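Engineer: requesting a structural model of the entry that follows:
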Amino acid sequence: MTHPKDPRLNGWKYKSFNLTDKEHEEVVYMYEACSQITGMKQKKIFQMLIRDYYNEVTKIILDSNHYIIKQPETKGKHNG
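Structural biologist: Numbers count the residues shown, from 1 in each chain. Below you'll find the model as predicted:
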């Protein structure tokens, strides 16, 4: 069975950010340095950064305000 050539039709999702040339240069440098030092792919570095920051923020909110934050429901397999 062949898959369509358009990755979006294969279930891939995209997230993009608009950066200035300077911001882009800094981010690319940091990603490449971290990737070379750790041997990790940039995608995994991004996921770890977001996960750690999410955990930190939600812990602060839960500790200070006793809010319950419902995580989004997901269907199907996870890309990670």
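Engineer: please name every helix or strand in contact with the lowest-mean-pLDDT helix or strand in the chain.
Structural biologist: Using mean pLDDT, DSSP states H and E, helix 42-65 stands out as the lowest-scoring helix or strand of the chain, at a mean of 85. Packed against helix 42-65, as judged by 3 or more Cβ pairs under 8 Å, 6 or more residues apart in numbering; DSSP states H and E, are the following elements: helix 21-38. For glycine as for every other residue, the C-beta is placed from the backbone atoms N, C-alpha and C.
Engineer: and the contacts of the helix it packs on?
Structural biologist: Contacting residues not belonging to helix 21-38 are listed as Leu19, Met40, Lys41, Gln42, Ile45, Phe46 [Cβ atoms under 8 Å, 6 or more residues apart in numbering].
Engineer: please list only the buried members of those.
Structural biologist: Using 16 or more other Cβ atoms under 10 Å as the burial test, the contacts of helix 21-38 include no buried residue.
Engineer: make sure Pro4 is actually in contact with Asn10.
Structural biologist: Yes. At 6.5 Å, Pro4 and Asn10 qualify as touching, with contact defined as Cβ atoms under 8 Å.
Engineer: most centrally placed residue in the chain?
Structural biologist: Gln47 (3.7 Å; Cα atoms, centre = their mean).
Engineer: what residues sit buried inside stretch 33-52?
Structural biologist: By neighbour count with 16+ other Cβ under 10 Å, stretch 33-52 contains the buried residues Cys34.
Engineer: can we start the residue count at 730 from this point?
Structural biologist: Happy to do that; since the first residue is 730 now, the last one works out to stretch 762-781.
Engineer: then that stretch to CSV, C-alphas only?
Structural biologist: Once side chains and other backbone atoms are set aside, the C-alpha atoms of stretch 762-781 remain, and they are given as CSV (Å, rounded to 0.1, in the frame of the first residue of the first chain):
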residue,chain,number,x,y,z
ALA,A,762,24.7,22.7,19.6
CYS,A,763,22.4,20.7,21.9
SER,A,764,21.9,18.1,19.2
GLN,A,765,25.6,17.7,18.6
ILE,A,766,26.4,17.6,22.4
THR,A,767,23.7,15.1,23.3
GLY,A,768,23.2,13.2,20.1
MET,A,769,19.5,13.9,20.3
LYS,A,770,17.3,14.9,17.4
GLN,A,771,16.1,18.5,17.5
LYS,A,772,12.4,17.3,17.5
LYS,A,773,13.1,15.4,20.8
ILE,A,774,14.9,18.5,22.3
PHE,A,775,11.9,20.6,21.5
GLN,A,776,9.5,18.0,23.0
MET,A,777,11.5,17.8,26.2
LEU,A,778,11.7,21.6,26.6
ILE,A,779,7.9,22.0,26.1
ARG,A,780,7.2,19.0,28.5
ASP,A,781,9.4,20.4,31.2
